[in-house]
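In: below are the sequence and a predicted model; questions follow.
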There are 2 protein chains.
Amino acid sequence: MTTLKDLGEKNVIEEIARIVGMRVFKGEVLSYPDDAKDLLPKAPRLVVNIDGYGIERLRLPWRDSSDVGWCAITGSVSDIIVKGGTPDAVLIALGLPPDYPLLELRKLAEGIKDAVSYYGVRLIGGDTNSSSEPWIAVATIGFTPAKKPPSRKGLRTGDYIVVTGVYGAMGVVALKGVEVAGRYAWVVEKTKRPVANKELSVVVSSNYRWITASMDVSDGLGYTLLTLSTESGARILLTKPPLYEPGLVDECKRDMECVIKTAMSGGEEYGAVLGVRPEGLSSVLKDLEYYQIPYRLVGRVVDGEPGVFYGDKPLTFASWDQFKGWNHGV
Amino acid sequence: MTTLKDLGEKNVIEEIARIVGMRVFKGEVLSYPDDAKDLLPKAPRLVVNIDGYGIERLRLPWRDSSDVGWCAITGSVSDIIVKGGTPDAVLIALGLPPDYPLLELRKLAEGIKDAVSYYGVRLIGGDTNSSSEPWIAVATIGFTPAKKPPSRKGLRTGDYIVVTGVYGAMGVVALKGVEVAGRYAWVVEKTKRPVANKELSVVVSSNYRWITASMDVSDGLGYTLLTLSTESGARILLTKPPLYEPGLVDECKRDMECVIKTAMSGGEEYGAVLGVRPEGLSSVLKDLEYYQIPYRLVGRVVDGEPGVFYGDKPLTFASWDQFKGWNHGV
């Protein structure tokens, strides 16, 4: 079996560059293998992000290395999209063991290639390192014409809460564990390669006047709602569930409390939560429909202390902490 | 002893943000803890880079966690500087074990703060992860007014080769090992916190017409020269050594062959190699002197197959491969 030690650093990088490809736009000068890359702005404002992952920790039993590559790109690109940015370029740092199989490296690169192509971005640089535990960090550079990209802090009383995406599959993983979750074809299908809705960036940038806050659902919908509420100092009152997987109804034996808790738990769903001023609601919803982005109007911001309520009860959900592990909610 | 597991993810991030600080410039909207950051261009062209490191692998016995933080920032910023970019902002992804001591995290953050302050950049975002082996990835975003930042590929026959920086300390580490190297006060002092010369970015951007190629010395001077030669398809003929540490003369028992091999080996020196057209040489040297950047004119590009020669012999040096380890040269 060929491993990275047989290849050496230069060939490892070469292998990734060859599979993923590197694109240089007109007017740009530097390219692989230079240690830095130049690029020309494509809108008046940059939007940038970095996200890191333990490669084995991204690996649900039904995800192969190519799925892991897909997920790593999706996670970083999603943060740009939800702020109204069009992702343009990604930089990747990798840590891999010397005995890592070349075959797995190639699969990882294939998944990165698929994601880069799907999201219309390009790999422009990277760095490889030796590490006993494999890891990947992705930095994305995007551009936005929006004068005021929505932050986490802008929710105001009266705002509508719009949730894009369809929930529940990762909630089953979070609440039931991978063994049980892996028996459901719909859970496996939905969590193998989660997709961030790339058209959402246009909806956010063209409606930035009305979108008071936005955040992508990378750590579970309940956690995202609670974070927006806390950061904004505003109370969210939910009156409807988000869109959820039809399979969830059977899994929960038609108990709506279970459906909602499962939909609110999980992570890596890469839908978005938007706070929208009443005067801009019809424009935002019209644009979401135009781009065929699945969404549900789930509630509003109301007066009161920060917190998320579903009807008259505080919302419960499972959430993940990188250092503490799962908290299964109350 | 307090560890990251006691703190939880949010407090780990909070701790770093508090120590390093986060600056938002006028006209920018997003800031910590948003998952993406906006920034406004400060010159017509962006220059970006990512670099990753195993934290324990950066740790020479005499480097504490704060030195490691310093080194990680320096490595990424250096790549921007050598292309004529002024580094503006850094993004950091961290992988740390749950039992990592809070005290070490704080030291790491202190070193990052020192570097961020020294290089005049700002931390604008980050991400933390759990990892059995600790790692850090740094992405830097800079801007340059240069129409054509120098790549690795531009060397042409007749170019002068200018090397900035003072060499030899990391060469002793590479060739003699850390135990022997650690006995020399000058080696410890020079390698604890290597410094990239931030003024070099102005020299490169204002002389981009004459600078045909540039590369920073992050993997050893010999390796850097050989890479420039290979990538450019041009032969480098050295006629003088670069500036070297005075302590090297004793260490090498006044044998110049040993002095040169040691100066050519190592890494993390963060000087620069520049190829300069004859018609621009006086301008480049004048600017290097104006900014008090130590340099030496070491040779020229000559006709012939790619390769680096010192006088009539091929250059030998030790070089490091992330997956293969040290190659001690011939």
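Out: Nice, I can see it. Residues are numbered from 1 along each chain as shown, chains lettered A, B, ... in the order given.

In: tally up the residues packed near residue A:290, please.
Out: Residues lying near residue A:290 (other CB atoms under 10 Å in any protein chain shown) number 11. Glycine gets a C-beta too; all of them are placed from N, C-alpha and C.

In: dihedrals phi and psi, it?
Out: phi -60, psi -40 (degrees, to the nearest 10).

In: mind checking how far it is from residue A:283?
Out: 11 Å (CB to CB, to the nearest Å).

In: got a pLDDT number for residue A:321?
Out: Predicted confidence (pLDDT) for residue A:321: 86.

In: over to residue A:76?
Out: Confidence score, pLDDT, at residue A:76: 98.

In: now residue A:330
Out: Per-residue pLDDT puts residue A:330 at 49.

In: also residue A:327?
Out: At residue A:327, the model reports a pLDDT of 84.

In: residue contacts, it?
Out: A:318, A:319, A:320, A:321 (CB atoms under 8 Å, 6 or more residues apart in numbering or on different chains).

In: got a markdown table for those, with neighbour count and secondary structure too?
Out: Output for those, formatted as a markdown table (neighbours: other CB atoms under 10 Å in any protein chain shown; DSSP: H, G, I helix; E, B strand; the rest coil):
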| residue | neighbour count | secondary structure |
| --- | --- | --- |
| A:318 | 22 | coil |
| A:319 | 22 | strand |
| A:320 | 18 | strand |
| A:321 | 19 | strand |
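
In: can you give me the buried ones in stretch A:225-245?
Out: By neighbour count with 16 or more other CB atoms under 10 Å in any protein chain shown, stretch A:225-245 contains the buried residues A:225-229, A:231-232, A:234-238, A:241-245.

In: that one and chain B in contact?
Out: Yes: against chain B, stretch A:225-245 shows contacts by CB under 8 Å from any CB of the partner chain at residue A:231.

In: now do stretch A:260-274
Out: No: residues of stretch A:260-274 are not located near chain B by CB under 8 Å from any CB, the shortest gap being 11.2 Å.

In: can you check stretch A:5-25 too?
Out: Yes: using CB under 8 Å from any CB, we find that stretch A:5-25 touches chain B at A:5, A:7, A:8, A:9, A:10, A:12.

In: quickly check the contacts of residue A:327 for the two that are furthest apart.
Out: A:318 and A:321 (10.8 Å; CB to CB).

In: next one, pLDDT for residue A:324 please.
Out: pLDDT at residue A:324 comes out at 87.

In: neighbours of it, just the number please.
Out: Neighbours of residue A:324 (other CB under 10 Å): 17.

In: isn't residue A:98 right up against residue A:4?
Out: Yes: here residue A:98 reaches residue A:4: they are 5.6 Å apart, a contact under CB atoms under 8 Å.

In: give me the common contacts of the two.
Out: By CB under 8 Å, 6+ apart, the residues touching both residue A:98 and residue A:4 are residue B:323.

In: which of these two has more neighbours?
Out: A side-by-side neighbour count of residue A:98 and residue A:4, using other CB under 10 Å, places residue A:4 first with 25 against 18.

In: hang on, isn't that one packed against residue A:103?
Out: No: contact criterion CB under 8 Å: residue A:4 and residue A:103 do not qualify, at 11.0 Å.

In: quick one: what helix or strand has the closest residue to residue A:81 other than its chain neighbours in it?
Out: In space, and not counting its chain neighbours, residue A:81 is closest to residue A:201: 4.4 Å by CB to CB, 6 or more residues apart in numbering or on different chains. Applying DSSP states H and E as the criterion places residue A:201 in helix A:200-206.

In: what does residue A:139 give?
Out: strand A:135-144.

In: then residue A:254?
Out: Using DSSP H and E, residue A:254 maps to neither a helix nor a strand.

In: can you report how many residues neighbour it?
Out: 9.

In: residues in contact with it?
Out: So residue A:254 contacts nothing (CB under 8 Å, 6+ apart).

In: so what pLDDT did it get?
Out: For residue A:254, the predicted pLDDT is 96.

In: returning to what we had before: distance of the residue nearest to residue A:81 relative to residue A:291?
Out: Residue A:201 is 10 Å from residue A:291, by CB to CB.

In: now do residue A:228
Out: In terms of CB to CB, residue A:228 sits 22 Å off from residue A:291.

In: stretch A:30-39 near chain B anywhere?
Out: Yes: shown here: stretch A:30-39 in contact with chain B (CB under 8 Å from any CB) through A:30, A:31, A:33, A:34, A:35, A:36, A:37, A:38, A:39.

In: most neighbours among the residues you listed, please name it.
Out: Busiest of these [other CB under 10 Å] is residue A:36, holding 32 neighbours.

In: quick one, phi/psi of that one?
Out: Dihedral angles (degrees, to the nearest 10) for residue A:36: phi -140, psi 160.

In: if we can go back for a sec, quick one: which two of the residues of stretch A:30-39 next to chain B are the most distant?
Out: Taking CB to CB, no two of these sit farther apart than A:33 and A:39, at 16.5 Å.

In: now do the SS call for the closest residue to residue A:303 other than its chain neighbours.
Out: Nearest residue to residue A:303, sequence neighbours excluded (CB to CB, 6+ apart): residue A:157, at 5.4 Å. Put simply, residue A:157 is coil when judged by DSSP: H, G, I helix; E, B strand; the rest coil.

In: okay, now residue A:157: neighbour count?
Out: If you count neighbours by other CB under 10 Å, residue A:157 ends up with 11.

In: please enumerate the strands of the stretch 51-200 of chain A.
Out: A:86-96, A:122-130, A:135-144, A:160-164 (DSSP state E, counting those that start in this stretch).

In: most tightly packed of these?
Out: Stretch with highest mean neighbour count among the strands of the stretch 51-200 of chain A: strand A:135-144 (a mean of 28; mean count of other CB atoms under 10 Å in any protein chain shown).

In: ok, now which ones touch the residue nearest to residue A:163 when sequence neighbours are not counted?
Out: Closest residue to residue A:163 apart from its sequence neighbours, by CB to CB, 6+ apart: residue A:242 at 4.3 Å. Counting by CB under 8 Å, 6+ apart, residue A:242 touches A:163, A:165, A:166, A:167, A:221, A:263, A:271, A:296, A:298.

In: now do residue A:180
Out: residue A:172.

In: do residue A:60 as well
Out: A:173, A:178, A:182, A:191, A:192 are the contacts of residue A:60 under CB under 8 Å, 6+ apart.

In: who does residue A:101 bridge with?
Out: As for beta bridges, residue A:101 partners with residue A:3 under DSSP bridges.

In: I'd say it and residue A:1 touch.
Out: Yes: assessed by CB under 8 Å, residue A:101 is found in contact with residue A:1 at 5.6 Å.

In: which of the two has more neighbours?
Out: Shown here are residue A:101 and residue A:1; by other CB under 10 Å, residue A:101 has more neighbours (15 against 7).

In: which pLDDT value belongs to the more buried one?
Out: We have a pLDDT of 97 for residue A:101.

In: list the contacts of it.
Out: A:1, A:2, A:3.

In: state the distance from it to residue B:120.
Out: 43 Å.

In: one more: residue A:288?
Out: The value you get for residue A:288 to residue B:120, if CB to CB is used, is 42 Å.

In: just list the residues touching the nearest residue to residue A:92 once chain neighbours are set aside, thanks.
Out: Nearest residue to residue A:92 in three dimensions, chain neighbours excluded: residue A:126, at 4.2 Å (CB to CB, 6+ apart). Each residue near residue A:126 by CB under 8 Å, 6+ apart is listed here: A:13, A:16, A:91, A:92, A:93, A:94, B:50.

In: repeat that for residue A:217.
Out: Per CB under 8 Å, 6+ apart, neighbours of residue A:217: A:163, A:165, A:167, A:224, A:267, A:269, A:270, A:271, A:272, A:273.

In: now do 6 Å
Out: With contacts defined as CB atoms under 6 Å, 6 or more residues apart in numbering or on different chains, the neighbours of residue A:217 are A:224, A:269, A:271.

In: which of the residues you listed ranks first by neighbour count?
Out: Going by other CB under 10 Å, residue A:269 tops the contacts of residue A:217 with 30 neighbours.
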